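Novice: Sequence first, predicted model second:
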Amino acid sequence: MPFYLRSGKALGQKRRMVTLGFKEPPLRMFPLDRDTPNATPSNQLTIDFDDPGWIAARFLAKEPGAAMRLGDATMTFRYADSFCTKYALAGYERLILDAMLGDQSLFTRADGIERLWDVSAPLLDNPPPVEPYAPGSWGPDSIDRLISPHHWYLPDSP
């Protein structure tokens, strides 16, 4: 499964999110409408880790009515809208509390850190050339060619 990470300083937005793109099904119950190109990527699960965060599922669903047509649909779960956040802890407050209580579930173990260094060493020993980009942009133009034929999901609020 391809995994792409987009990271840099002074990008268009400061975001911490993961988008999982699911494969197209081999058979479709409803055909796609050929007259309306699907510009929005479907079959995606997006998780935004910003505080308080949200999760959105984007998929194709049968449009209401007698016609057998698919249309884009989105279901979004917003943490702030779903739970009382009056007494919620900020990220580091939770981490410090867990450390004080002896809960190590949010901490990386030593063997995990060692494995990270093992995997990173070849890249650190022979780094690729730096590609400059304009501050406030989403990075250099070559970034799209890097993951072709796949595409980036550039964030906006769902």
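Specialist: Noted; the coordinates are in hand. Numbering: from 1, shown residues only.
Novice: Looking at this structure, which residue reaches furthest from the middle?
Specialist: A66 (35.1 Å; CA atoms, centre = their mean).
Novice: Please report the distance of it from D72.
Specialist: 20 Å (CB to CB, to the nearest Å). The C-beta positions use only the backbone N, C-alpha and C, and glycine is treated the same way.
Novice: Next, A80: phi, psi?
Specialist: Main-chain torsions, A80, degrees, to the nearest 10: phi -60, psi -30.
Novice: any idea which element the closest residue to it other than its chain neighbours lies in?
Specialist: Closest residue to A80 apart from its sequence neighbours, by CB to CB, 6 or more residues apart in numbering: P52 at 4.3 Å. Using DSSP states H and E, P52 falls within no helix or strand.
Novice: how many neighbours does P52 have?
Specialist: 15 (other CB atoms under 10 Å).
Novice: Model confidence at it, what's the number?
Specialist: The per-residue pLDDT reported for P52 equals 79.
Novice: which strand residues sit across from the residue nearest the centre of the chain in the sheet?
Specialist: Centroid check for the chain by CA atoms, centre = their mean gives V18 as the closest residue, at 1.8 Å. For V18, the beta-bridge assignment (DSSP bridges) gives partners I47.
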